[in-house]
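K.L.:
Curious how this folds, go ahead:
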Amino acid sequence: MKKTAIFILISLTLLPASLLAIKADFQFTKVCVGTQTMLVSTSTPYDSIFRVLWDLDGNGKFGDAFGDTVKINFSSAGAYNIGVQVIAFNGDQDAVYKSVPVVSLQVGFSYNFSCRNLPVYFFDESIIIEDVAFQYIWSFGDGTPGSFQPNPTHNYTLAGNYSVGLTVITASGCIDSTRTTIAIQNPPVIDVSFSGDTVFPLGDSVVAFIVGTYDSVFWSTGERTNSIIIRESGYYFVQGFLDGCYGEKYFSVSAVEDHSVRIMTVITPNGDGFNDRWEILNLAEIEPCQADIFDRWGQKVFSASPYNNEWDGTYNGKPLSNDTYYYFLRCLDGNLQKGTINIVK
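P.N.:
Okay, the predicted model is just below:
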């Protein structure tokens, strides 16, 4: 059989670059305020471009600048809408807009309080526009190693003034620093006084007072007053806060079995069932008793004979104010006993 060969010829015609579709594009540098932004046209194809025009204020009009490369300084931070338009030799046109960032960095920080041997908490409050923080560099001014954390904690072992510095570097390389002098204080020395004995019979109580004036007070019982009434044995503490520092004082009280005759020196007539009346503990050992009670001006506010632990801190049926009152007590042996009673509500 006779075989026949068939040949197909394909002809390719290369179009000149001027006939290819033109595409506008550009690159830019990310800079800080005060630094020059560079805009570079990367439109294609390069050899078909006749003219490059720029819209630098985003108003839709090209003609603010011309050429492949433009350098411009922006006066403030933000994202700027910038466009480039390219025109080909054959008259084709294309344009594109991009958001061009200009970074602003203003470093700042705060701290909670400054007290010796207590943690000082530092908080970064830097303001960054059109960028993010890349690195934090803290120096605490006391010769110890710094920190690279955004919000570090630091302990100062000595009172004094320390220059604390913070430097922030953004992802695009912007750098700013600030420095502040902080005063590290000694914590206040706390003292506690007591109305009554810290060892008292079961059923009695003692009043603990923090000595001095403070911005705020906190007791281990959760109370925030200058004094508390303690009725149970245990270990207690009080904290006094002053100018951002605080000191604390620990102490203990004991409520014990006691069958001796004891005269209460504190009553708390607030209706809670504890110390609401002035009592002579183990009264049966010395009764009958005559009791007379006077205020600090010498006015008699209560009298009873025999006394049966009934006085509730009132006069003519009305509650008396918090104050110190004076009792005179004469019982079975005929001896006169006298002392003070403190009303605390």
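K.L.:
Show me how this structure divides into domains.
P.N.:
20-103, 107-184, 191-256, 262-343 (automatic domain parsing).
K.L.:
Surely residue 284 is within a strand?
P.N.:
No. Using DSSP: H, G, I helix; E, B strand; the rest coil, the secondary structure at residue 284 is helix, not a strand.
K.L.:
Number of residues surrounding it?
P.N.:
7 (other C-beta atoms under 10 Å). Every C-beta, even on glycine, is put in place using the N, C-alpha and C of the backbone.
K.L.:
Could you measure from it over to residue 261?
P.N.:
Separation of residue 284 from residue 261 (C-beta to C-beta, to the nearest Å): 9 Å.
K.L.:
I'd like the secondary structure assignment at the closest residue to residue 306 other than its chain neighbours, please.
P.N.:
Closest residue to residue 306 apart from its sequence neighbours, by C-beta to C-beta, 6 or more residues apart in numbering: residue 288 at 3.8 Å. Here residue 288 is coil, with the state taken from three-state DSSP.
K.L.:
Could you pull up the residues touching residue 288?
P.N.:
Contacts for residue 288 (C-beta atoms under 8 Å, 6 or more residues apart in numbering) come out as 305, 306, 307, 331, 332.
K.L.:
Looking at neighbours, which among the residues you listed is most surrounded?
P.N.:
Neighbour-wise, these (other C-beta under 10 Å) top out at residue 307, 24 neighbours.
K.L.:
re earlier: redo the domains of the chain as TSV? Include mean pLDDT.
P.N.:
Listed next are the domains of the chain as TSV, based on pLDDT from 0 to 100:
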stretch	mean pLDDT
domain 20-103	95
domain 107-184	95
domain 191-256	91
domain 262-343	90
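K.L.:
Next one: residue 40 relative to residue 26, how far apart?
P.N.:
Residue 40 is 6 Å from residue 26, where distance means C-beta to C-beta.
K.L.:
I should have written residue 33 there, sorry.
P.N.:
Taking C-beta to C-beta, one finds residue 33 at 21 Å from residue 26.
K.L.:
repeat for residue 138
P.N.:
For residue 138, the distance to residue 26 - C-beta to C-beta - is 39 Å.
K.L.:
returning to what we had before: quick one, which of residue 40 and residue 26 is more surrounded?
P.N.:
residue 26 (22 against 14).
K.L.:
correct me, but that one touches residue 38?
P.N.:
No. Taking C-beta atoms under 8 Å as the definition, residue 26 is not a contact partner of residue 38, at 10.2 Å.
K.L.:
Find the nearest non-adjacent residue to the residue nearest the centre of the chain, please.
P.N.:
Geometric centre of the chain, nearest residue: residue 112, 5.9 Å, by C-alpha atoms, centre = their mean. Using C-beta to C-beta, 6+ apart and skipping residues adjacent in sequence, the residue nearest residue 112 is residue 121, 4.6 Å away.
K.L.:
Tell me what that neighbour is bridged to.
P.N.:
residue 153 (DSSP bridges).
K.L.:
Next up, the contacts around it.
P.N.:
Counting by C-beta under 8 Å, 6+ apart, residue 121 has contacts 111, 112, 151, 153.
K.L.:
just checking, the first one touches residue 125?
P.N.:
So the one you mean is residue 111. No. Shown here, residue 111 and residue 125 do not form a contact pair, counting by C-beta under 8 Å, at 10.3 Å.
K.L.:
Identify each of the strands in the stretch 51-200 of the chain and give its residue range.
P.N.:
65-66, 69-72, 78-88, 93-106, 109-111, 119-124, 127-129, 133-139, 153-155, 160-170, 175-184, 191-195, 199-201 (DSSP state E, counting those that start in this stretch).
K.L.:
if you compare those, which one is most tucked away?
P.N.:
Ranked by mean neighbour count under mean count of other C-beta atoms under 10 Å, the strands of the stretch 51-200 of the chain are led by strand 78-88, which reaches a mean of 20.
K.L.:
could you say what helices and strands that strand packs with?
P.N.:
Using 3 or more C-beta pairs under 8 Å, 6 or more residues apart in numbering; DSSP states H and E, the elements in contact with strand 78-88 are strand 37-41, strand 49-55, strand 93-106.
K.L.:
Distance of the residue nearest to the centre of the chain relative to residue 118?
P.N.:
Counting by C-beta to C-beta, the gap from residue 112 to residue 118 is 10 Å.
K.L.:
Same check on residue 69?
P.N.:
Counting by C-beta to C-beta - residue 69 and residue 118 are separated by 57 Å.
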